[in-house]
Every structure is written in C-alpha cells, then in structure tokens.
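Enquirer: Whatever this is, show me its structure:
(one chain, ligands or ions: 1)
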Amino acid sequence: MTVLRAGELSKIYEGTISTRALDNVSFALEDGEFVGIMGPSGSGKTSLLNVLATIDEPTTGTVTIRGRNPHELGSEEMALFRRRELGFIFQHFNLLDTLTVEENIVLPLTLDGAPVARMKQSALELARRLGIEDVLGKYPREISGGQMQRTAIARAMIHRPSLVLADEPTGNLDSKASRDVMEAFTMMNVEEGTAILMVTHDAFAASFCHRVIFIKDGRFYNEIYRGENRQAFFQKIIDMMSLLGGDTDHLSQVRL
Ligand SMILES: Nc1ncnc2c1ncn2[C@@H]1O[C@H](COP(=O)(O)OP(=O)(O)OP(=O)(O)O)[C@@H](O)[C@H]1O
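Expert: Predicted coordinates:
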C-alpha cells in the first residue's frame, strides 16, 4: 500500500522576487520503504519536507498520506492526524529541556491521556532497543547528541506512526553517533515496518536508505536504489552528488 504520495507538488514563495522552490515534484513511498532525499543547497528539500509534513501548504499539487489529504483537514483534525499518523525527527532534536528523557519519550502518549504504567513500560522497552535505558532519568542537557537523537527517535516511534519524516537527523552528530542513529532508524524501519522519508546532506546516512531521490532546482532529478551492498551504494551516492554539483562541502568524509 502507498503510505505517501506527492502529486505534482509546486511551491512558489511570493515576495519582491518570487522563488519557485518546488516545480512539479511527484513520487510515492510504499509501506515499509526507507527513502532519502538529497540535493544541493537551495534545491528545495526543506520546502518539500515542510509541505509533506503539513507545516506549509503547496502552491499547487497534492499530498496524500494513507489515502487522505491532510491539507484538506480542519486544524483540530489536522493536529490529531499528525500526532497519530506521523513522526517527526529534526536536526536539532527538539526535545523539551525541562522534561527527562523518559518524559520526552512518552510525551505523545501523555497528550492522549494513556495510563502511566503503560507509558512507562512502552518507554522502557523502546529505550532498551535503542540503547538509552541508562539515561531515562536524565535531562537532555546531561546526555550526548547521539543519545538525544535516539530519544527523539523513541518519541517518534512510541505512537507507532505509519510514516516518519526526518530532516537532517545526523546534521549535528559525529560519525559514531551518526552510525548509532542510522542503526536506530533501520531498526524502526525493519522491526516496526515504519516508512521513513529522510532529507539529508550526508552520504553516509543516505547509504542506509533503500532508495535515494535527488532533486535539483526544485525538480526531480534522478533516483538510485541500494541493492545488497551499502558500501557500493555510498559510492554511487557520492558520484551522484558530484554530478549534481552545487555545494560539495557537505560531502561527508569517507566513513564506511
Ligand atoms: N520562506 C521562504 N521565502 C522565500 N524563499 C524561500 C523561503 N524558504 C526557502 N526559500 C527559497 O526556496 C529555495 C529552496 O529552499 P529550501 O530551503 O527548500 O532548499 P534546501 O534544499 O532545503 O536547502 P539547504 O540544503 O540549504 O537547506 C531557495 O532558493 C530558498 O532561498
């Protein structure tokens, strides 16, 4: 079944000079797929993610998530839809500083009024699987970036959303923490069957995806599939990034 469909999406920002950030972008994500979006700086990746995440409206075109167009929902329905169907993971983790790791993880369930014992049990199970059970009682400022991002992953997973949208999830992490975080994404994808769409500049992170879609100047440019070998895929991604041009400072050092 199709989890997410982007149908001929265009986004124009009006201003003194109007900018066409997205130009007729179409693609679909099937159940359980893990897909990366890459492209040079300014190619429209964030605009695309914001439209898909219902944070922003497309100028034209449609977004369909599990057969429904969230942009057609009223604000209350939209809030519920986002909370139930979607998980979000950001570059800056977006954890609440005044809550412990455990409280951050169960936050979506708290909003739904779930029983405390069940929430604690779910948080513990997820924390074990993500290797963060030792820090459940700590505050975000007391843990590492990799642990913060795994906390954010646990929080996104606790609702068992059908789709997780991630924006540069390894953007603030060193290579060891990036690997842990990408392994956590893979666990969520394989064990829970969660479909993931991840925007990234990081070829290492992208090499964990099944497929990477490249965009340039707001348009679909190409897509490549992983196959069996992640190292070979990493090289193909690097080659495609050099072909695309644009900023290459984001090219991650080789860390297979
Ligand atoms: N709110 C806005 N108002 C006007 N123009 C915008 C706005 N947001 C983005 N743009 C423009 O739209 C284009 C696409 O930007 P976008 O942020 O989607 O690209 P990106 O691929 O995510 O870039 P980066 O990799 O640098 O984050 C750029 O030309 C940008 O300047």
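Enquirer: Identify the residues contacting Gly245.
Expert: Pro40 (Cβ atoms under 8 Å, 6 or more residues apart in numbering). C-beta: built from backbone N, CA, C; applies to glycine.
Enquirer: Can you give me the distance of it to Arg20?
Expert: Here Gly245 is placed at a distance of 19 Å from Arg20 (Cβ to Cβ, to the nearest Å).
Enquirer: Specify the beta-bridge partners of the one residue in the stretch 51-200 of the chain that gets nearest to the ligand.
Expert: Relative to the ligand, the nearest point of the stretch 51-200 of the chain is Val199 (7.0 Å; Cβ to the nearest ligand atom). In this structure, Val199 bridges to Ile37, Asp167 when assessed by DSSP bridges.
Enquirer: Quick one: neighbours of it, just the number.
Expert: Val199 has 22 neighbours, counted by other Cβ atoms under 10 Å.
Enquirer: quick one, strands of the protein?
Expert: Counting by DSSP state E, one finds strands in the chain at the ranges 2-13, 19-30, 34-38, 60-65, 86-89, 163-167, 195-199, 211-216, 219-225.
Enquirer: want to throw those into CSV with mean pLDDT?
Expert: As requested, the strands of the chain are exported to CSV (pLDDT from 0 to 100):
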stretch, mean pLDDT
strand 2-13, 97
strand 19-30, 97
strand 34-38, 97
strand 60-65, 96
strand 86-89, 92
strand 163-167, 95
strand 195-199, 97
strand 211-216, 97
strand 219-225, 96
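Enquirer: okay if I get those as a markdown table plus distance to Arg150?
Expert: A markdown table is the format used below for the strands of the chain (distance: least, Cβ to Cβ, whole Å):
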| stretch | distance to Arg150 |
| --- | --- |
| strand 2-13 | 23 |
| strand 19-30 | 23 |
| strand 34-38 | 17 |
| strand 60-65 | 25 |
| strand 86-89 | 10 |
| strand 163-167 | 13 |
| strand 195-199 | 15 |
| strand 211-216 | 23 |
| strand 219-225 | 27 |
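Enquirer: which residues of the stretch 151-256 of the chain score low on pLDDT?
Expert: Counting by pLDDT under 70, the stretch 151-256 of the chain shows low-confidence ranges at 246-256.
Enquirer: Which residue is the nearest non-sequential neighbour of Gly171?
Expert: Nearest residue to Gly171 in three dimensions, chain neighbours excluded: Gln91, at 4.0 Å (Cβ to Cβ, 6 or more residues apart in numbering).
Enquirer: Just list the residues touching that neighbour, thanks.
Expert: Contacts for Gln91 (Cβ under 8 Å, 6+ apart) come out as 167-169, 171-172.
Enquirer: for Leu73, same thing?
Expert: So Leu73 contacts Phe81 (Cβ under 8 Å, 6+ apart).
Enquirer: Apply 10 Å and report the result again.
Expert: For Leu73, the contact set (Cβ atoms under 10 Å, 6 or more residues apart in numbering) comprises 54, 79-82.
Enquirer: Which stretches in the stretch 1-150 of the chain count as helices?
Expert: Remark: helices assigned in the stretch 1-150 of the chain by DSSP state H, counting those that start in this stretch are 45-52, 75-85, 101-111, 116-130, 145-157.
Enquirer: Ranked by average pLDDT, which of the ones you listed falls at the bottom?
Expert: Mean pLDDT values for the helices of the stretch 1-150 of the chain show the minimum at helix 75-85, a mean of 85.
Enquirer: Flag every buried residue along that one.
Expert: Residues of helix 75-85 classed as buried under the neighbour-count rule (16 or more other Cβ atoms under 10 Å) are 81-82, 85.
Enquirer: cool, stretch 160-179 as well?
Expert: Using 16+ other Cβ under 10 Å as the test for burial, stretch 160-179 gives 161-173, 177-179.
Enquirer: ok, the residues you listed vs Cys209, which is closest?
Expert: Nearest to Cys209 among the buried residues of stretch 160-179 is Ala166, at 10.7 Å by Cβ to Cβ.
Enquirer: follow-up on the earlier one: tell me who's in contact with the residue of the stretch 51-200 of the chain closest to the ligand.
Expert: Per Cβ under 10 Å, 6+ apart, neighbours of Val199: 36-39, 45-46, 48-49, 52, 91, 165-169, 171, 206, 215.
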